[in-house]
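Enquirer: kindly generate the corresponding structure for this input.
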Amino acid sequence: MTNVLFHRRSLLAAGVALLATGASGLRVPARAQSLAPTRSMRGGSNNYRPGAPLVARIGGGGFWMSGTVRRSGDGAPLAGQRIQIWAHTTEGHERDPQSHGATLTDDNGVFRLEMPQIVPAFGQPHGHLAYDSAAFETVFLRPVMGSSRDSSLEAHFVLQPV
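Expert: Below is the predicted model:
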């Protein structure tokens, strides 16, 4: 009886292994990992102004803030999402109303907004971005530029539905 039980277990284990690896013997992942939501960054909400207006450009421009917005889990691009942007620039401080503006993502979940050159504040050239609408959890980002001479900065959001 012990031998029969051992053979049944061996046969069952061999069948499971064949299913897991396929006829070719190569391992196939059972399921792709889901895309985790973006966490808010420390200091990201500093000088945030709820309801900043949608704008075509902040100030005189010359610097580009851009990025993407996707849904957590499947990573689908999210169109029509409102992203607020503000920073310490050559034209104003990050606390000044004229240093704030918002834009919407396109059909591919991409946003892009021109603004004045970002300059260092507290020793670091950085921007602030927020997703703050009702369909997804609020996220505040504070990306730091590699150099104060950079003329663009990217930030990417992966949003968790509420």
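Enquirer: so who does Trp64 touch?
Expert: Going by Cβ atoms under 8 Å, 6 or more residues apart in numbering, Trp64 touches 112-115, 151-153. C-beta coordinates here come from the backbone N, C-alpha and C atoms, glycine included.
Enquirer: those helices in this structure, which residues are they?
Expert: Under the criterion DSSP state H, the chain contains helices at 2-21.
Enquirer: what is the nearest of the contacts of Trp64 to Arg57?
Expert: Of all the contacts of Trp64, Arg57 sits closest to Glu114, with 4.6 Å by Cβ to Cβ.
Enquirer: what does the pLDDT read for that closest one?
Expert: Looking at Glu114, its pLDDT stands at 98.
Enquirer: do Phe122 as well
Expert: Reported pLDDT at Phe122 in the predicted model: 85.
Enquirer: tell me how many other residues crowd it.
Expert: 8 (other Cβ atoms under 10 Å).
Enquirer: once you drop chain neighbours, what's closest to Gly127?
Expert: Ala87 (4.4 Å; Cβ to Cβ, 6 or more residues apart in numbering).
Enquirer: go on, Leu113?
Expert: Thr103 (4.4 Å).
Enquirer: around the one you found, how many other residues sit close by?
Expert: A count of nearby residues for Thr103, using other Cβ under 10 Å, gives 21.
Enquirer: and if you look at Gly101?
Expert: Here the number of neighbours of Gly101 (other Cβ under 10 Å) works out to 23.
Enquirer: follow-up on the earlier one: I'd like the contacts of Trp64 laid out as TSV, including neighbour count and distance to Leu35.
Expert: Converted to TSV, the contacts of Trp64 look like this (neighbours: other Cβ atoms under 10 Å; distance: Cβ to Cβ, whole Å):
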residue	neighbour count	distance to Leu35
Arg112	14	22
Leu113	23	24
Glu114	19	29
Met115	26	28
Ser151	11	29
Ser152	12	24
Leu153	22	22
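Enquirer: from these, which single one is nearest Ala134?
Expert: Proximity of those to Ala134 (Cβ to Cβ) peaks at Leu113, which lies at 21.4 Å.
Enquirer: returning to what we had before: I'd like to know how far the residue nearest to Leu113 sits from Val139.
Expert: Distance of Thr103 to Val139, given as Cβ to Cβ, to the nearest Å: 15 Å.
Enquirer: and for Leu153?
Expert: 16 Å.
Enquirer: swap in Leu113?
Expert: 17 Å.
Enquirer: what do you get for Gly123?
Expert: According to Cβ to Cβ, Gly123 and Val139 sit 24 Å apart.
Enquirer: neighbour-wise, which of the two wins?
Expert: The residue with more neighbours, out of Gly123 and Val139, is Val139; 23 against 6, by other Cβ under 10 Å.
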